[in-house]
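> no sequence on this one, just coordinates:
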């Protein structure tokens with residue numbers, strides 16, 4: 001049995017834990033039975049949703065408070081208020097009906113940046129493997145329950161700046177290794193101060209991130225949305241591009257510029273939230289079978 005202080009029950013409403021942790025915005029979570037295990041803020045934690053009104057968190061060490069996890073999970077966000085700002089059109093209604101309860105997490109900026117640098121041309125399962133290897137090779141061990149496999153915090157910029165490209169490639173990140181190393185070195189040297197980005201406008205913060213090698217608009221927007229909460233950031237990957245073309249321009253061939261302009265004006269003040277609903281909807285919606293197939 002876990003002692004008092006090891007567990008905390010969050011009261012929630014309109015919260016789908018599985019969709020939130022499994023939708024491709026974070027890569028440290030592993031589903032184990034009915035629980036999700038991961039490392040947040042240097043702490044091992046297991047999360048379960050025993051009912052629609054609560055999330056039960058279990059830590060490996062006693063906690064003096066749970067604000068670190070509440071902030072990460074964004075449990076205080078009133079989802080109905082966010083959803084009410086989405087455009088009232090058929091594609092968005094379908095996405096909300098399919099994904100309702102999906103939340104945006106508030107991730108640590110450095111881990112989020114490296115995760116999405118490593119995401120380029122990779123599937124979610126592969127990104128999880130890269131981040132797990134990176135943490136195992138360069139991160140500090142964290143407390144875990146007795147008998148549990150070891151778990152590791154995400155490595156600091158100092159550790160990755162000091163690593164060789166060969167060592168980073170051993171974590172299966174391939175051509176992304178020099179990009180991760182460059183980002184770490186920029187942060188260690190003070191060339192980029194992630195802590196300051198929240199004080200900038202979305203456009204200025206995006207420009208700062210795009211000074212890094214290997215960081216284009218999509219990666220920058222992922223970091224701005226998932227680590228800083230900039231709702232103007234609207235990451236466009238192949239799934240979102242497919243959603244925009246199939247759901248909003250089904251009989252036309254819009255240019256990428258037209259799609260970018262549309263995404264910046266159509267989805268309202270919580271466009272970033274709407275983007276994640278479209279992304280998860282396109283990846284997980286039921287596919288109709290071709291006629292004649294059983």
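Everything's here; your move. As the structure is a prediction and not an experimental result, all values here were calculated from the model. Numbers count the residues shown, from 1 in each chain.
> name the element residue 208 belongs to?
Assigned by DSSP states H and E, residue 208 falls within helix 202-209.
> buried residues in that helix?
Within helix 202-209, the residues that count as buried by 16 or more other Cβ atoms under 10 Å are 202, 205-206, 208-209. Just so you know, the C-beta spots here come from the backbone N, C-alpha and C atoms, and that holds for glycine as well.
> shouldn't residue 48 be within a strand?
Yes - assessed by DSSP: H, G, I helix; E, B strand; the rest coil, residue 48 belongs to a strand.
> correct me, but it touches residue 54?
No - applying Cβ atoms under 8 Å, one finds residue 48 not in contact with residue 54, separated by 9.1 Å.
> got the domain ranges for the protein?
Following the assignment in automatic domain parsing, the chain carries domains at 7-76, 83-103+231-288, 109-226.
> what about stretch 161-176, start to end distance?
14 Å (Cα to Cα, to the nearest Å).
> again, but for stretch 56-65
OK, stretch 56-65 end separation, Cα to Cα: 14 Å.
> residues of it that come out buried?
Of the residues in stretch 56-65, those buried (16+ other Cβ under 10 Å) are 56-60, 63.
> please apply the same query to stretch 34-49.
36-40, 43-49.
> can you list those in CSV and add distance to residue 246 and pLDDT?
Output for the buried residues of stretch 34-49, formatted as CSV (distance: Cβ to Cβ, whole Å; pLDDT from 0 to 100):
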residue, distance to residue 246, pLDDT
36, 30, 98
37, 35, 97
38, 32, 97
39, 36, 98
40, 35, 97
43, 41, 97
44, 40, 97
45, 37, 97
46, 37, 97
47, 33, 98
48, 35, 97
49, 31, 98
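> closest one of the buried residues of stretch 56-65 to residue 153?
residue 60 (12.4 Å; Cβ to Cβ).
> could you tell me the least trusted of the domains of the chain?
Lowest mean pLDDT within these: domain 83-103+231-288, a mean of 93.
> how far out from the middle of the chain is it?
Its chain's C-alpha centre and that of domain 83-103+231-288 lie 17 Å apart, by Cα atoms, centre = their mean, to the nearest Å.
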